[in-house]
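Participant: structure here, sequence nowhere to be found:
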DNA sequence: AGAAACAGCTAAATCCTTTTAGCTTCAAGC
DNA sequence: GCTTGAAGCTAAAAGGATTTAGCTGTTTCT
């Protein structure tokens, strides 16, 4: 039966079931909604329909249901946060909560919102259903894209409200931290503590933001000390990757008295490697992260962060998204948010 | 203008714009899709339409677009993970990834899936748009519900594929850890280490699962030692809440040589309170968590966990969800997954 | 002058479901 | 024999947007 459904050319519709059982579409719909009692369908008919529904493998078309079911007096607005599967959800969930808050404030009779998170495979944003023909969302926030996705976006202007978080793309409203600032401040903190052998820890696959942080860090260190910092490259961006990479570096006896990790996941792994090597944070090695981990404050010792200032970023994103939807803003703008520095015990 | 749009009775449709400008709906649609060049609309007309679109505050109806835009040869299936805003996303994102993996495996010509996370305000699941009339999802996984939501679900059988994670509801397929097991094992570990004054740390607002963990823990301790463990209640479930609650307990001089935290967020906060009090983990106070935190392995010391075994749970959920959608399973079943124990350094 | 090309637009069909109003047939009641 | 009621079903409209085919004038070419 299942195989039969699989091999069918077209999706099964209510009409096809109706034809198959020789009844009307209305009868089928009635059964699907479990309202055959109140509408007095004969039990035998109900059974025949049920069987056909099962045998043909019917799956309702939600778009059609929605169109039909919705109250024509109310406006239903669909918002999405688009992020890659591979990325952590911390910032995303903050954005979601804030979007929801603004949506709730505008919800009333005649207007309501649905906010959801949809994920794409990193580098394959273009394959996401309904993106191009605007048939899924009234407005989206896009984040955690890879270079391929950026290229796709740059080449296609999506015909609805789009705010891009953390990337610069000329044809969209973009919100991101002030270029170069984060890496520079991180370098200043480490050098300010007297670090002589700073190290930067990055994942192998750099995004626009991580690349820029590393770059600015190196540039600043070079400018102030004349030499480039060591670069330690982790296989991925999990704590495990970070721990392995740093362990290898420390194990090889190469010096390190200050570490800048371009994501907090890596910093967390670095903590473990540093402690395993018998070094103290911050006495032997000072550590600076970026504040993209929910619990940076509960690291041991608490992690000093130079990073995007999340409240401001989220606020900007949401304001722009709603402005775009109201057509109050027309031209794309780039918004740079200065980094926030949170000094804690690790540096 | 915006005010005007706000006060309108009904949502603005393409037809309303058309009437307003005295052109046909086709013309308006053409302009909305930015295809007026290829379809040779007069620039003046385009401008008039554009102005009306702005003035009337048109927002497209995505359900209608989707119905029209979709390729009738392909079946589009919409899956959702429904969770509350307040809950952490760790397990949710694992479920999502696994659902997506199974969906990808079944995607082909003629069949594709969208998976998304939708959030509800804790206790107000019933207000989620499209839940009741099945006009939003073909199948959902529901989790992180509060008692009010559970009551709502128990009273309403949603007419599509639903799997409930972490709760027992008679009318749905439920997947959850074996009742009582987690708390019991946690107690055994602490008592096995010779703890005499075990403490259980819980949030003030208990869910089915947290309540049960605490209960089973207490029962086991009572059975083996004759006395109930101390109960420390945190205001919420963040690390900060946990730290505050435990600090108060330790500060008051009440004893504690073993701690069971019913969520890892609380355990993380507890670590801080314990260290601040100058006590060592696990020497002075052993700690057991539940493994719902992504990085329990990178706590310092790594957190010993007795908790749901996530791979198994996620696998069960996804299997059942797809079975339900294929109508291969009809009756609701309860699936209990035995807890997994991960001994690390904290106990 | 007549044919062809073009500019600028519209009518109607289509996507899939659900619901409303109402049609047929048969049985019971007067 | 005629009305009434119920049982069991159907036809058709509606929901909003998009697209296809095609219509009406005007201009250009021969």
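Facilitator: Cool, the structure landed. Note that the coordinates shown come from a computational prediction; the quantities given were computed from them, not determined experimentally.
Participant: use CA for all of it now, contacts and neighbours both
Facilitator: Will do.
Participant: what does the stretch 51-200 of chain A put close to DNA strand C?
Facilitator: A:59, A:60, A:61, A:64, A:65, A:68, A:69 (Cα under 7 Å from any atom of the strand).
Participant: ok, the residue in the stretch 101-250 of chain A positioned nearest to DNA strand C - contacts?
Facilitator: Using Cα to the nearest atom of the strand, the closest approach of the stretch 101-250 of chain A to DNA strand C is made by residue A:135 at 11.7 Å. Residues near residue A:135 by Cα atoms under 8 Å, 6 or more residues apart in numbering or on different chains: B:62, B:63, B:65, B:66, B:69.
Participant: do residue A:123 as well
Facilitator: For residue A:123, the set of contacting residues under the criterion of Cα under 8 Å, 6+ apart consists of A:145, A:146, A:147, A:148, A:149.
Participant: quick check: closest non-adjacent residue to the fourth one.
Facilitator: What sits nearest to residue A:148 in space, not counting adjacent residues and going by Cα to Cα, 6 or more residues apart in numbering or on different chains, is residue A:123, at 5.1 Å.
Participant: could you report the pLDDT at that neighbour?
Facilitator: Each residue has a pLDDT score; the one for residue A:123 is 93.
Participant: helix/strand/coil for the residue nearest the centre of chain A?
Facilitator: Centre of chain A computed as the mean C-alpha position; nearest residue by Cα atoms, centre = their mean is residue A:83, 2.9 Å away. Using DSSP: H, G, I helix; E, B strand; the rest coil, the three-state assignment for residue A:83 comes out as strand.
Participant: wait, it sits on residue A:116?
Facilitator: No - taking contact to mean Cα atoms under 8 Å, the distance of 10.9 Å between residue A:83 and residue A:116 leaves them out of contact.
Participant: quick one on the thing from earlier: for DNA strand C, see how far away the residue nearest to the centre of chain A is.
Facilitator: Residue A:83 sits at a distance of 29 Å from DNA strand C (criterion: Cα to the nearest atom of the strand, to the nearest Å).
Participant: OK, contacts around that residue?
Facilitator: A:92, A:117, A:118, A:119, A:120, A:142, A:143, A:144, A:145.
Participant: what's the separation between it and residue B:87?
Facilitator: If you measure residue A:83 against residue B:87 using Cα to Cα, to the nearest Å, the figure is 19 Å.
Participant: and residue A:289, by the same measure?
Facilitator: 25 Å.
Participant: okay, the two: which has more neighbours?
Facilitator: Counting neighbours by other Cα atoms under 10 Å in any protein chain shown for residue A:289 and for residue B:87 shows that residue A:289 has the greater number, 27 against 17.
Participant: quick check: the gap between the more buried one and residue B:300.
Facilitator: Relative to residue B:300, residue A:289 is positioned 18 Å away (criterion: Cα to Cα).
Participant: kindly report the same for residue A:32.
Facilitator: For residue A:32, the distance to residue B:300 equals 55 Å [Cα to Cα].
Participant: try residue A:225
Facilitator: From residue A:225 over to residue B:300 the distance is 34 Å, taken as Cα to Cα.
Participant: then residue A:184?
Facilitator: 30 Å.
Participant: cool, and residue A:214?
Facilitator: Counting by Cα to Cα, the separation of residue A:214 from residue B:300 is 27 Å.
Participant: the more surrounded of those two?
Facilitator: Neighbour count, other Cα under 10 Å: between residue A:214 and residue B:300, residue A:214 has more, with 25 against 18.
Participant: in which helix or strand would I find the closest residue to the more buried one other than its chain neighbours?
Facilitator: Using Cα to Cα, 6+ apart and skipping the chain neighbours, the partner closest in space to residue A:214 is residue A:183 (6.2 Å). Assignment of secondary structure by DSSP states H and E places residue A:183 within helix A:181-192.
Participant: ditto for residue A:142
Facilitator: For residue A:142, the host element (DSSP H and E) is strand A:139-143.
Participant: next one: that strand to chain centre, how far?
Facilitator: Its chain's C-alpha centre lies 9 Å from the corresponding centre of strand A:139-143 when counted by Cα atoms, centre = their mean, to the nearest Å.
Participant: in that strand, what counts as buried?
Facilitator: Within strand A:139-143, the residues scored as buried using 16 or more other Cα atoms under 10 Å in any protein chain shown are A:139, A:140, A:141, A:142, A:143.
Participant: residues contacting stretch A:255-274, please?
Facilitator: Under the criterion Cα under 8 Å, 6+ apart, residues A:186-187, A:190, A:195-202, A:210, A:213-214, A:237-244, A:246-247, A:250, A:280-281, A:284-293, A:296, A:299, B:298 lie in contact with stretch A:255-274.
Participant: how about the strands in the stretch 151-300 of chain A?
Facilitator: A:161-165, A:173-177, A:198-203, A:230-234, A:258-261, A:286-289 (DSSP state E, counting those that start in this stretch).
Participant: show me how chain A divides into domains.
Facilitator: A:2-68, A:75-177+A:312-340, A:181-307 (automatic domain parsing).
Participant: mean neighbour count, these: which tops it?
Facilitator: When you average the neighbours per residue for each of the domains of chain A (mean count of other Cα atoms under 10 Å in any protein chain shown), domain A:181-307 leads with a mean of 21.
Participant: where in the stretch 101-250 of chain A is pLDDT low?
Facilitator: By pLDDT under 70, the stretch 101-250 of chain A contains no weakly predicted segment.
Participant: what about the helices in the stretch 101-250 of chain A?
Facilitator: Per DSSP state H, counting those that start in this stretch, the stretch 101-250 of chain A carries helices over the ranges A:147-155, A:181-192, A:208-225, A:239-251.
Participant: turn these into a markdown table, columns for distance to residue B:96.
Facilitator: Below are these laid out as a markdown table (distance: least, Cα to Cα, whole Å):
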| stretch | distance to residue B:96 |
| --- | --- |
| helix A:147-155 | 21 |
| helix A:181-192 | 32 |
| helix A:208-225 | 26 |
| helix A:239-251 | 21 |
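Participant: around DNA strand D, which positions in chain A sit nearby?
Facilitator: Taking Cα under 7 Å from any atom of the strand, the part of chain A that reaches DNA strand D is made up of A:22-27, A:39-43, A:45, A:64-65, A:67-68, A:72.
Participant: which of those residues fall in helices?
Facilitator: Among the residues of chain A next to DNA strand D, the members found in helices (DSSP state H) are A:25, A:26, A:27, A:43, A:45, A:64, A:65, A:67, A:68.
Participant: got the contact list for the fourth one?
Facilitator: What it means is residue A:43. Shown in contact with residue A:43 (Cα under 8 Å, 6+ apart): no residues.
Participant: pLDDT score for it?
Facilitator: For residue A:43, the pLDDT comes out at 95.
Participant: do the second one as well
Facilitator: In this prediction, residue A:26 carries a pLDDT score of 96.
Participant: ok, it to residue B:133 distance?
Facilitator: Summarising the geometry, the distance separating residue A:26 from residue B:133, computed by Cα to Cα, is 17 Å.
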